[in-house]
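Q: Sequence and predicted structure, then a few things I'm wondering about:
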Amino acid sequence: MNILFIGDVVGRPGRTVLREHLSQLIHEHKIDFTIVNGENAAHGKGITERIFNELIGYGADVITMGNHTYSKASIYDIIDHKQLIVPLNMEMPVNAQGYRTFEVMNKKVLVSNMCTMAFMQNVIASPYTISDAIIASDADIKIVDLHGEATAEKIAYMHYYKHDLTAIVGTHTHIQTADEDIFNGCAYISDVGMCGSYESIIGRDIAEVHAQLVNKEHTHYTVSKNPAVLCGVVITIDDETNRAVNIQRIQIRPSS
């Protein structure tokens, strides 16, 4: 089985690059299941029902989220959608799901979303205290979108659960790391990167961020309008053992 995980989609440029490349990636890599992190898809923070449906229409089988999950009120209109996964260790509305199991090629594939603790707001429990239900699941394949800032915290989680999980994919920093590897049959990368403007500051307008950091101005999150990079990983899972055997980084930069 081949699973495609696409990193944080940031605003319109991220959605555009996804529209341009996702179907081709699915075809080229013979993808059986596609996960897209959409927590920044609507103007850089959160997601709306319209944009959720847009990403599903491009080929995403499931949308995971992160610390900006509830930045747009319209997420409550889709909070119980079977293709939406929100962080398991943030306060969740009724009917929200922090993990779900999907039927893929006669396998049960569990997809979970959770946040790490360092530098994160509104996280109410350690990922170590909320992972028991995932580990106890009878799913054949278990994938965690681990949304957080600190690389060491993500690596620590991976080494603790590498015997129990099939893949742990880091999200949130928008910067793709080069540490993809297989540990005891568990695919891992500290951060998969983003789908967002390449010439930007993690998808944000450069001048705005400089105004905030250098001049101490109060600013709003303005998404860069520059052409976007697409970042992701393809994870190959052995059909007999249900363990990961390969993880391949993908980065498609805009044409110069």
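A: Thanks, I have it.
Q: What distance do you get for the residue nearest to L88 when sequence neighbours are not counted to H81?
A: In this structure, L88 finds its nearest non-sequential neighbour in G98, 2.7 Å apart by Cβ to Cβ, 6 or more residues apart in numbering. To be clear about C-beta, it is placed using only N, CA and C from the backbone, and glycine gets the same treatment. Note on G98: its distance to H81, by Cβ to Cβ, to the nearest Å, is 14 Å.
Q: Report the buried residues of whatever helix or strand E208 lives in.
A: Element membership for E208, per DSSP states H and E: helix 206-213. Going by neighbour count (16 or more other Cβ atoms under 10 Å), the buried part of helix 206-213 is E208, V209.
Q: quick check: mean pLDDT across that helix?
A: On average, the pLDDT along helix 206-213 is 94.
Q: Following the chain onward from it, which element is next?
A: strand 228-237.
Q: In contact with the nearest residue to T129 once chain neighbours are set aside, which residues?
A: Nearest residue to T129, sequence neighbours excluded (Cβ to Cβ, 6+ apart): N89, at 7.9 Å. Going by Cβ atoms under 8 Å, 6 or more residues apart in numbering, N89 touches G98, M114, C115, V123, I124, A125, S126, P127, T129, I130.
Q: For the stretch 1-150 of the chain, which segments count as strands?
A: Remark: strands assigned in the stretch 1-150 of the chain by DSSP state E, counting those that start in this stretch are 2-6, 8-9, 33-37, 62-64, 84-85, 99-104, 107-115, 141-147.
Q: deepest of these, which one?
A: The highest mean neighbour count among those, using mean count of other Cβ atoms under 10 Å, belongs to strand 8-9: a mean of 31.
Q: Could you list the residues in contact with that strand?
A: So strand 8-9 is contacted by 14-15, 18, 36-41, 55, 66, 171-172, 174, 193-196, 203 (Cβ under 8 Å, 6+ apart).
Q: Strand partners (parallel or antiparallel) of it?
A: Using DSSP bridges, strand 8-9 pairs in its sheet with strand 194-197 (parallel).
Q: next one: the partner strand to chain centre, how far?
A: 12 Å (Cα atoms, centre = their mean, to the nearest Å).
Q: So, low pLDDT: which residues of the chain?
A: 256 (pLDDT under 70).
Q: who touches the helix holding E208?
A: E199, S200, I201, E217, H218, T219, H220, T222, S224.
Q: The residue nearest to R243 when sequence neighbours are not counted: neighbour count?
A: Closest residue in space to R243, ignoring its immediate chain neighbours: G185 at 3.0 Å, by Cβ to Cβ, 6+ apart. For G185, the count of nearby residues is 17 (other Cβ atoms under 10 Å).
Q: Done for today, thanks.
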